[in-house]
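*Asks:* below: sequence and its predicted model.
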2 protein chains.
Amino acid sequence: MTPDDLETLAQVQPPQDDEADGRKRRGNRTRESILDTAADLASIEGLEGLTIGRLATELGMSKSGLFAHFGSKEELQLATIDAARRRFVDNVVRPSRELPRGRERVERLMNDWLAYYRGEIFRGGCFFNTVKAEFDSRSTGPVRDVVMDDAREFIAFLAREVRKAQEAGDLDPSIDPDQLAFELDAVGAAANQHFQLMHDEKVFERAATAIRTRLDAAATAA
Amino acid sequence: MTPDDLETLAQVQPPQDDEADGRKRRGNRTRESILDTAADLASIEGLEGLTIGRLATELGMSKSGLFAHFGSKEELQLATIDAARRRFVDNVVRPSRELPRGRERVERLMNDWLAYYRGEIFRGGCFFNTVKAEFDSRSTGPVRDVVMDDAREFIAFLAREVRKAQEAGDLDPSIDPDQLAFELDAVGAAANQHFQLMHDEKVFERAATAIRTRLDAAATAA
DNA sequence: CCTACCGATCGGTAGG
DNA sequence: CCTACCGATCGGTAGG
């Protein structure tokens, strides 16, 4: 459909750094390290369980010193989601871009995704699975809306990659990309949750098997 | 393997009621209604987000009046899980018991499960999906342990039903029941989460399609 | 089942 | 980026 638009997934706002004295630069570096820690904490406790006091303690700074970087807890939550999205894109979305469109790229993407779960790129497992579950039944608000958009966007991204593999002649054009994307996403989320809950690495073999079976069934008899 | 042991899933402790004056009976009724409300709140906010103050307000009683029924927040959390398990068993596990073992029973089970999601039997969607995600990356403790055991037990229950369908000759004996159970569980959990997040009922058609495809592929060519 | 409390922590602010 | 605070709420207790 659209070209290789990982841009929609990676809305990176480059930190401003236009003052010569380096104070803003230092401030931005502090901000980034705050958000990295915040994303790790939130992957464990969620974005509500992420409290300013605990985050400040973890960083060895005062609550108000930390708070000065953000106007409110909601701003902190939204900035944390942005930082987490960058980490997700770097680890899961970007690497497979170097491969040509097709089944091979889809498989690489799935492998990177499972490796990201297994490697606990966030301290508490996938940040996005945690916050999706946290906000899925809460009333609307800016944070919930962003979480929902990201969830939707990732499945749409998977569906686009399936469609490209169909156009490349690797996958049967008659299958429904959205259906396959839903099933792939379900398997990945389940693998992350079971791994976090049971600490059993075998679940990744189960997930890989499920993904392979799904792609084999969708493959063109070439 | 074992017989129709839904007992392991439904460890119902019948309320004691041995005093003639009805005070205990009333107390137990109050306790049950507290736990029903607690399970609904926890399905939205999680078992940590379930605070004694909010629960008391919702029930129109004082914090300490409510607290008298439980010795600690942890006791309240564990009792809430018990109450939620009963509701889950009544709605998802029990109905299909009336069918003979086999593929038909598995399909009935899956249908009841999706109907339970769609019908929002808990106010915030499936209680167990919420608390699994909440506790999956937390450090061990009694609550996390029970949540993990329940998750494990449900997948094992699905696997047993698959095995019975194999023994009945409905499903190919060469397929791995644990693998199929993992995939069925993944699809169900994803359907619940997407429904809660996007409020789109179409996800249940996707889930039903995924389940049907999985069972068709596992069916014996009869 | 209640009122009345406890110390700790929450998000946030004043003022520097 | 700090100290020093605010009112609200947390889990829990004393005493009835």
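*Replies:* Thanks, I have it. Residues are numbered from 1 along each chain as shown, chains lettered A, B, ... in the order given.

*Asks:* ok, now which ones touch residue A:129?
*Replies:* Residue A:129 makes contact with A:189, A:192-193, B:133 under the criterion Cβ atoms under 8 Å, 6 or more residues apart in numbering or on different chains. For every residue, glycine as well, the C-beta is placed using N, CA and C.

*Asks:* again, but for residue A:139
*Replies:* With Cβ under 8 Å, 6+ apart, residue A:139 has no contacts at all.

*Asks:* could you dump the contacts of residue A:129 into TSV with secondary structure, pLDDT and distance to DNA strand C added?
*Replies:* Formatted as TSV, the contacts of residue A:129 follow (DSSP: H, G, I helix; E, B strand; the rest coil; pLDDT from 0 to 100; distance: Cβ to the nearest atom of the strand, whole Å):
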residue	secondary structure	pLDDT	distance to DNA strand C
A:189	helix	98	26
A:192	helix	98	25
A:193	helix	97	25
B:133	helix	97	20
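
*Asks:* mind putting those in JSON lines, neighbour count included?
*Replies:* Shown next, in JSON lines, are the contacts of residue A:129 (neighbours: other Cβ atoms under 10 Å in any protein chain shown):
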{"residue": "A:189", "neighbour count": "23"}
{"residue": "A:192", "neighbour count": "27"}
{"residue": "A:193", "neighbour count": "26"}
{"residue": "B:133", "neighbour count": "27"}
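
*Asks:* wait, which of those residues is closest to residue A:213?
*Replies:* residue A:189 (17.3 Å; Cβ to Cβ).

*Asks:* give me the nearest residue to that closest one, chain neighbours excluded.
*Replies:* Among residues not flanking residue A:189 along the chain, residue A:129 sits closest, at 5.5 Å (Cβ to Cβ, 6 or more residues apart in numbering or on different chains).

*Asks:* per-residue confidence for that neighbour?
*Replies:* Residue A:129 is assigned 98 on the pLDDT scale.

*Asks:* now it: how far from residue A:47?
*Replies:* 13 Å (Cβ to Cβ, to the nearest Å).

*Asks:* do the same with residue A:199
*Replies:* 24 Å.

*Asks:* those two: which is more packed in?
*Replies:* Shown here are residue A:199 and residue A:47; by other Cβ atoms under 10 Å in any protein chain shown, residue A:47 has more neighbours (26 against 9).

*Asks:* contact partners for that one?
*Replies:* A:77, A:80-81, A:131, A:134-135, A:143 are the contacts of residue A:47 under Cβ under 8 Å, 6+ apart.

*Asks:* so the residue nearest to residue A:189 is in which element?
*Replies:* helix A:127-135 (DSSP states H and E).

*Asks:* try residue A:121
*Replies:* Assigned by DSSP H and E, residue A:121 falls outside every helix and strand.

*Asks:* please report phi then psi for it.
*Replies:* With angles defined as degrees, to the nearest 10, residue A:121 sits at phi -60, psi -30.

*Asks:* so who does the closest residue to it other than its chain neighbours touch?
*Replies:* Among residues not flanking residue A:121 along the chain, residue A:91 sits closest, at 5.2 Å (Cβ to Cβ, 6+ apart). Taking Cβ under 8 Å, 6+ apart as the contact definition, residue A:91 lies against A:112, A:116, A:121.

*Asks:* what's the answer for residue A:44, then?
*Replies:* Residue A:44 makes contact with A:123-124, A:130, B:137-138 under the criterion Cβ under 8 Å, 6+ apart.

*Asks:* coming back round to it: quick one: the contacts of residue A:47 as a markdown table, columns for distance to DNA strand D and neighbour count too.
*Replies:* Shown next, in a markdown table, are the contacts of residue A:47 (distance: Cβ to the nearest atom of the strand, whole Å; neighbours: other Cβ atoms under 10 Å in any protein chain shown):
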| residue | distance to DNA strand D | neighbour count |
| --- | --- | --- |
| A:77 | 18 | 23 |
| A:80 | 16 | 27 |
| A:81 | 20 | 22 |
| A:131 | 21 | 28 |
| A:134 | 17 | 24 |
| A:135 | 18 | 24 |
| A:143 | 19 | 20 |
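
*Asks:* would JSON lines of these with distance to chain B be doable?
*Replies:* Conversion of the contacts of residue A:47 to JSON lines gives the following (distance: Cβ to the nearest Cβ, whole Å):
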{"residue": "A:77", "distance to chain B": "15"}
{"residue": "A:80", "distance to chain B": "16"}
{"residue": "A:81", "distance to chain B": "15"}
{"residue": "A:131", "distance to chain B": "9"}
{"residue": "A:134", "distance to chain B": "7"}
{"residue": "A:135", "distance to chain B": "8"}
{"residue": "A:143", "distance to chain B": "13"}
